[in-house]
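A.B. asks: for reference, the sequence and a predicted model appear below.
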Amino acid sequence: MVLGFSIALIVFSLLLMLLVLMHKGKGGGLSDMFGGGMQSSVGGSSVAERNLDRITIVIGVLWFACIIVLGILMKTSS
């Protein structure tokens, strides 16, 4: 059980990193340093951005839930 949640946590962590990196930079942050500020509004539609936001939130909640469940499982197993 712990192994399954550990694998799920790794998968959710990688997905979360990928999704965060896919977001368009809003300016004034580290995204400008890597060329995000040089782009105009060619990036995509607002529907795609909203869907990306929703997917990122869902994956973030699942990632957090995996951490909580792993903590409970490790606490009860010892």
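C.D. replies: That came through, no problem. Residues are numbered from 1 along each chain as shown.
A.B. asks: in stretch 52-69, what's buried?
C.D. replies: Buried residues in stretch 52-69, counted by 16 or more other C-beta atoms under 10 Å: 52, 56, 59, 62-63, 66, 69. To be clear about C-beta, it is placed using only N, CA and C from the backbone, and glycine gets the same treatment.
A.B. asks: what does stretch 8-26 give?
C.D. replies: Burial within stretch 8-26, assessed by neighbour count using 16+ other C-beta under 10 Å, is assigned to 8-9, 12, 15-16, 19, 25.
A.B. asks: got the contact list for the spatially most central residue of the chain?
C.D. replies: Using C-alpha atoms, centre = their mean, the residue of the chain that lies closest to the mean C-alpha position is Leu16, 2.3 Å off. The contact partners of Leu16, by C-beta atoms under 8 Å, 6 or more residues apart in numbering, come to 56, 59-60, 63.
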